[in-house]
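A.B. asks: need a 3D model of the following:
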Amino acid sequence: MFMKELLRTNDPTLVAFATTLLRGEGINCFHMDVYMSVLEGSVGILPQRMMVRDADLFRARAILRDNDIPLPEER
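C.D. replies: Residues are numbered from 1 along each chain as shown. The predicted structure follows:
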């Protein structure tokens, strides 16, 4: 099973909202870099990444797009 990056942001509310949307549709996600800001001594400057299974990537992108969440390739 391979994971793909779906979202990269330093906004914790966006991460929570996207997680809720995906889980509501039965898509599991994994958060990476959650504690990197603490290790680097910064205050939320480093972005968090949200990963999904490769098989769920298309659906996950559609769900976020439908809810006006900008995706990395659209920035």
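
A.B. asks: distance of the closest residue to Ile27 other than its chain neighbours from Asn67?
C.D. replies: In this structure, Ile27 finds its nearest non-sequential neighbour in Asp56, 4.7 Å apart by CB to CB, 6 or more residues apart in numbering. Heads up, the C-betas are built off the backbone N, CA and C, glycines and all. Computed as CB to CB, to the nearest Å, the Asp56 to Asn67 distance reads 16 Å.

A.B. asks: same drill for those two, tell me which one is more crowded.
C.D. replies: A direct count of neighbours by other CB atoms under 10 Å for Asp56 and Asn67 places Asp56 higher, at 19 against 10.

A.B. asks: just confirm that one is within a helix.
C.D. replies: Yes: according to DSSP: H, G, I helix; E, B strand; the rest coil, the state of Asp56 is that of a helix.

A.B. asks: and the residue nearest to the spatial centre of the chain, bridged to which residues?
C.D. replies: By CA atoms, centre = their mean, the chain has its centre lying nearest to Met50, at 2.9 Å. Going by DSSP bridges, Met50 is paired in beta bridges with Leu7, His31.

A.B. asks: who's in contact with stretch 19-26?
C.D. replies: 28-29, 31, 50, 52, 59-60, 63-64, 67, 69 (CB atoms under 8 Å, 6 or more residues apart in numbering).

A.B. asks: and those, which of them are in helices?
C.D. replies: Applying DSSP state H to those, the entries found in helices are 59-60, 63-64.
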